[in-house]
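# From the sequence below, what's the structure:
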Amino acid sequence: MNHLTIILADMANGKWSDAWIKLLDAPWLVLLGICALMVMMLIWRKKEKPLPNCDASQCTVLVARLEGDEGEATHKAIQESALALQGIRVADLGRRIAGKKDHAQAYALLRATGAKMLLWGELVREGGKPIARLHLTTTGPFLQGDRHPLQEDRVDFPPAPWDELRQVVNLMIGLQAVPFGGKPDAFVPSVRERLASGNGVWSGTDRAWLGALLADGLLMTAAESGAEPPLLEAVQGYQQGLEVFPRETHAMAWARMGHNLGLALLILGERENGVSRLEASVEAMRAALGEFTRERAPLQWAVTHLSLGIALWRLGERKGEPQHLEEALDALNGTLTELTREETPLSWAAAQSNLGNVLQSLGERASDTRQLLLAVEAYHAALEERTRERVPLQWATTQNNLGNTLFRLGEREGNPERLQEAANAFREAGLEFTRERAPLDWAMTQGNLGNVLLRLGDRENGTERLQEAVAAYRNALQEWTRERMPLQWAGTRNNLANALLRLGERETGTERLQEALSAFQEVLQELTFERAPLQWAQTINNLGLVLTRIGARTRDPDPLWRAISLEERALEVFRMAGAAAHVEKITYNIQLARAAIEELGNKPVPDTRFSQKTRY
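Below is the predicted model:
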């Protein structure tokens, strides 16, 4: 037996040549013992449960058996908890993972099974209580949606009883599952309460990490609901995390929080006037790229470039500067060199969709349709991976963006078929962007649908399309309130007023025209001269148009005088801005109002007579 022990020891230490020499000299009983051990090992491996085969298009969480979990009560509790999460599938790994913090082994199992996450660890007893030492390994970093915070791909939870970890683990898993329909917001209140209480295991750096995780949950909640307070709280959480995890000692954690801070600032900037938030977003993401280099962290580098591209696109749109749009194009093209369709299909699709957004913006500023057509190609490419079955909300986002580009092409080409394609794309997006599920996205899609219906109504006889446009705009305004989304509220109010003006021109009476007048006046509450002088001038010109129609229809000169007064003020602004096309158009509108006054038998007035009369 001593001979057998020596041979097995040589094998365990990798001394195979020594083991073979001793094996040849071993008596037959020793050989028999070795053969018996080998047979036992084969039988044990045969009994081991085969690895599950997971659908790579779904978000599956593997749950490993836990060392020290007698009766597997904690293992079952973890599975039951994960099963309650939306957008999640749960599979039993059927085996334990040996070794502490062995994320490499866990990652290999994820690659072999097609699952997205693996929860594993051990159960120990401290002071008579079962303490879970859990670890989460993911195939991340995920950025499968346009507004999804960058997550850690390996998490070591602090040792704690399962009951104390459950909500935190659920929030972490729920965040990873957002692109698949997950709802992490259900766990945000309980995690916030645990963090605020100061009790339990959460102290020091663990509390700071939990605060950053809570910020991720708040960011996703705000991105979906449109509420501003969670976004502001998320910004504060990331800023505190950046202080606790300094760049010098926690480079990767610091960069991840910097990226997510930039994302929160981006969403805030999209909803506010000005560019300060968007500029801060760009700055935060560029700082994160100082640590997320392509050599050190290629996937994090790629997803941060994706987010940077979105921020630069928004900044270029807001400032009207092609330079930022070109920078956004470069950032997104860089992303696609690392995020390949074969390795990260959904992240690749997100990059393609946003590439379409930038190409659309550039195409709107170009004289030809080449970039608009390239944008359509990019959206169609994204939809090959962003299917409705796999990622319904991202599919709807791309359908909406495709509709916007088809709308621009239809206007540019004068092609009603393109406009109808755009309307179909918006209606497709509305199948997933329901008011209950995604209220702000539903409002956006309704507003875009209204724009297409308005253009189709302009090209057709009758009022059916125009009435549908009015209904769509009014739907959008139910969620795009002035308090929540002031810029979108003003833009949609303006579009509603235009649709009412078109209806009023085709219908008898002045009811629709009066509604249009009120809508344009409401727009001026937000688009003031000080805040947006050109938009203010366009709106008072539109007011003048409505007043001209009312005056001509009622044969009342007073609205006509008011129309001239407003249009002269708009004319002055556009002259100072050097907008020749607007100057020509408004000059023509003033001539129409003067002709209507003369037709009523009134003497024309000089240009300045009513320049100070009615202020809006």
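
# Output the lowest mean pLDDT helix or strand found in the chain.
helix 28-47 (a mean of 55; mean pLDDT, DSSP states H and E).

# What is the subsequent helix or strand relative to that one?
strand 60-65 (DSSP states H and E).

# Can you list the helices and strands that that next one packs against?
Here strand 60-65 touches helix 73-83, strand 89-96, helix 103-113, strand 117-126, going by 3 or more CB pairs under 8 Å, 6 or more residues apart in numbering; DSSP states H and E. To be clear about C-beta, it is placed using only N, CA and C from the backbone, and glycine gets the same treatment.

# let's go with 10 Å and repeat that
When contacts are defined as 3 or more CB pairs under 10 Å, 6 or more residues apart in numbering; DSSP states H and E, strand 60-65 packs onto helix 73-83, strand 89-96, helix 103-113, strand 117-126, strand 129-138, helix 162-176.

# need the contact list for Thr463.
Residues in contact with Thr463 (CB atoms under 10 Å, 6 or more residues apart in numbering) are 457, 470, 502-503, 505-507, 512.

# Quick one, which of those are buried?
Buried members of the contacts of Thr463, counted by 16 or more other CB atoms under 10 Å: 457, 470, 502-503, 505, 512.

# Now flag whichever of these is closest to Ala77.
Of all those, Ala77 sits closest to Val470, with 54.0 Å by CB to CB.

# tell me how far the helix or strand that closest one falls within is from the chain's mean position?
Applying DSSP H and E as the criterion places Val470 in helix 464-479. Distance, stretch centre to chain centre, for helix 464-479: 25 Å (CA atoms, centre = their mean, to the nearest Å).

# Does anything pack onto whatever helix or strand comes next after it? Which helices or strands?
Per DSSP H and E, the first helix or strand lying C-terminal to helix 464-479 is helix 486-506. When contacts are defined as 3+ CB pairs under 10 Å, 6+ apart, helix 486-506 sits against helix 251-271, helix 439-459, helix 464-479, helix 511-526, helix 533-554.

# For the fourth one, list every residue counted as buried.
Looking back up the chat, that one is helix 511-526. Residues 512-513, 515-517, 519-524, 526 are the ones in helix 511-526 that count as buried (16+ other CB under 10 Å).

# again, but for the longest one
Neighbour counts using 16+ other CB under 10 Å place 534-553 of helix 533-554 among the buried residues.

# Please list all residues in contact with Arg166.
Arg166 is in contact with 77-78, 81-82, 132, 160, 187, 190, counting by CB under 10 Å, 6+ apart.

# And these, which is closest to Leu218?
Phe187 (11.3 Å).

# Run through who's touching stretch 404-414.
For stretch 404-414, contacts defined as CB under 10 Å, 6+ apart pick out 356-357, 359-361, 363-364, 366-369, 371-379, 415-426, 444, 448-449, 451-452, 455-456, 459.

# Go again with 8 Å.
356, 360, 363-364, 369, 372-373, 375-376, 379, 415-419, 421-422, 425, 448, 451-452, 455 (CB atoms under 8 Å, 6 or more residues apart in numbering).

# What subset of those is buried?
356, 360, 363-364, 372, 375-376, 379, 418-419, 421-422, 425, 448, 451-452, 455.

# pretty sure Leu456 is touching Arg465, no?
Yes. Leu456 lies in contact with Arg465 (CB atoms under 8 Å); the separation is 4.8 Å.

# about what we covered before: among the contacts of stretch 404-414, name the ones in strands.
For the contacts of stretch 404-414, not one is inside strands, with DSSP state E as the criterion.

# For burial, what's the neighbour tally of Glu338?
20 (other CB atoms under 10 Å).

# contacting residues for it?
294, 298-299, 301-302.

# follow-up on the earlier one: just give me the least confident of the contacts of Arg166.
Scanning the contacts of Arg166 for pLDDT, the low point is Phe187. It has 73.

# What's the local residue count around the nearest residue to that residue once chain neighbours are set aside?
Nearest in space to Phe187, with sequence neighbours left out and distances taken as CB to CB, 6 or more residues apart in numbering, is Leu171 at 4.1 Å. For Leu171, the neighbour count with other CB under 10 Å is 23.

# circling back: export the helices and strands packed on helix 486-506 as CSV, with columns for mean pLDDT and distance to Glu126.
What follows is those, written out as CSV (pLDDT from 0 to 100; distance: least, CB to CB, whole Å):
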stretch, mean pLDDT, distance to Glu126
helix 251-271, 92, 27
helix 439-459, 95, 46
helix 464-479, 96, 50
helix 511-526, 94, 59
helix 533-554, 93, 64
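
# could these go into a markdown table alongside distance to Leu62?
Listed next are these as a markdown table, based on distance: least, CB to CB, whole Å:
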| stretch | distance to Leu62 |
| --- | --- |
| helix 251-271 | 23 |
| helix 439-459 | 32 |
| helix 464-479 | 38 |
| helix 511-526 | 51 |
| helix 533-554 | 53 |
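
# Relative to Gln446, how far out is Ala490?
In this view, Ala490 and Gln446 are 16 Å apart by CB to CB, to the nearest Å.

# ok, now Val573?
Counting by CB to CB, the gap from Val573 to Gln446 is 31 Å.

# again with Leu431
Applying CB to CB, the value for Leu431 to Gln446 is 13 Å.
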